[in-house]
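**Q** only the shape, not the letters, is given here:
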């Protein structure tokens, strides 16, 4: 029974980390056109969610260090002498792929959580007979 | 009356094994996107059972009269294992599809264990004349 509780703790930590990641992805997408915005990265790290349970948690948010895109728009207030200004380094394709992966992993965690719940209630059902 | 309750011990061992395995699989899935995480699993129940009476599923009894029951579920050896060619560039070896297969297997054996347990109890109850 306590194993099934550990299962739920691990799955819950997974869902929490994946939703934090999805939040960061949506922040990136919202700022895709913000000049000078650097894309945020969410690293995952394994940690003990409960004694003997290796769950996962979202680590410190890091900034993507790739070059900012140069946008040509002489009318822009931030444009330099050559008419270019720093855009963001958000690539929408990458963000969408990341969001899809987060969703897939979230669903997998949810499924295992549900399975552990079913197993727990099956055990309790034995007591009710 | 000679009560041979081995089948109940066996069912308990199988359900304990399934629960522990489920915990390991849940950890794997939670860490499906963690860099350098290696997928784990525990030894199959058949191997544990073939280990003999010293297998971790045996209940503890300090005296011959004790039915005995361990306070906690036993710990099975955890080994690293993963599906073929499932390593990602970041060193993670968890394949969600593979873990889902294992989880389905766990659910099946847990249902089997509980089914056997319930049926054995029914038979005992019938033998006692209560329905």
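**A** Okay, I see it. All of these numbers come straight from a predicted model, not from anything done at the bench.

**Q** which parts of chain B sit against chain A?
**A** Taking Cβ under 8 Å from any Cβ of the partner chain, the part of chain B that reaches chain A is made up of B:15-16, B:18-20, B:22-23, B:25-27, B:29-35, B:37, B:72-73, B:96, B:99-100, B:103, B:106-107, B:110-111, B:114, B:117-118, B:121. Yep, even glycine has a C-beta here, placed from its N, CA and C like the rest.

**Q** helices or strands next to the helix or strand hosting residue A:57 in the packing?
**A** Under the criterion of DSSP states H and E, residue A:57 resides in strand A:53-58. Taking 3 or more Cβ pairs under 8 Å, 6 or more residues apart in numbering or on different chains; DSSP states H and E as contact, the helices and strands that strand A:53-58 lies on are helix A:2-30, strand A:44-50, helix B:6-30.

**Q** so does the longest one get close to chain B?
**A** Yes. With Cβ under 8 Å from any Cβ as the threshold, helix A:2-30 lies in contact with chain B, specifically through A:2-4, A:6-8, A:10-11, A:13-14, A:17-18, A:21.

**Q** chain center to that helix: distance?
**A** Averaged C-alpha coordinates place helix A:2-30 at 7 Å from its chain's average position (Cα atoms, centre = their mean, to the nearest Å).

**Q** same question, the shortest one
**A** Taking Cα atoms, centre = their mean, the mean C-alpha location of strand A:44-50 is offset from the chain mean by 15 Å.

**Q** same check on the last one?
**A** Average the C-alpha atoms of helix B:6-30, do the same for its chain, and the two points are 2 Å apart (Cα atoms, centre = their mean).

**Q** so residue B:32, which of the three states?
**A** coil (DSSP: H, G, I helix; E, B strand; the rest coil).

**Q** from residue A:128, how far off is it?
**A** Look at residue B:32 and residue A:128: by Cβ to Cβ, to the nearest Å, they are 35 Å apart.

**Q** comparing those two, which shows the higher neighbour count?
**A** Set side by side, residue B:32 and residue A:128 show unequal neighbour counts under other Cβ atoms under 10 Å in any protein chain shown, the larger going to residue B:32 at 23 against 6.

**Q** any weak-confidence spans in chain A?
**A** Where chain A drops to pLDDT under 70, the residues are A:1, A:50.

**Q** which residue lies nearest the spatial centre of it?
**A** The residue lying closest to the centre of chain A (Cα atoms, centre = their mean) is residue A:21, at 1.4 Å.

**Q** just list the residues touching it, thanks.
**A** For residue A:21, the contacting residues are A:42, A:44, A:58, A:98, A:102, B:33, taking Cβ atoms under 8 Å, 6 or more residues apart in numbering or on different chains as the criterion.

**Q** can we see that at 7 Å?
**A** Taking Cβ atoms under 7 Å, 6 or more residues apart in numbering or on different chains, we find residue A:21 in contact with A:42, A:58, A:102.

**Q** then residue A:27?
**A** Residue A:27 makes contact with residue A:40 under the criterion Cβ under 7 Å, 6+ apart.

**Q** what's the answer for the one 5 residues further on, then?
**A** Listed by Cβ under 7 Å, 6+ apart, the contact partners of residue A:32 are A:88, A:90, A:92.

**Q** ok, residue 95 - how many residues close by?
**A** You didn't pick a chain, so chain A it is. By the criterion of other Cβ under 10 Å, residue A:95 has 18 neighbours.

**Q** could you do chain B instead?
**A** 19.

**Q** before I go, just wanted to say thanks for your time.
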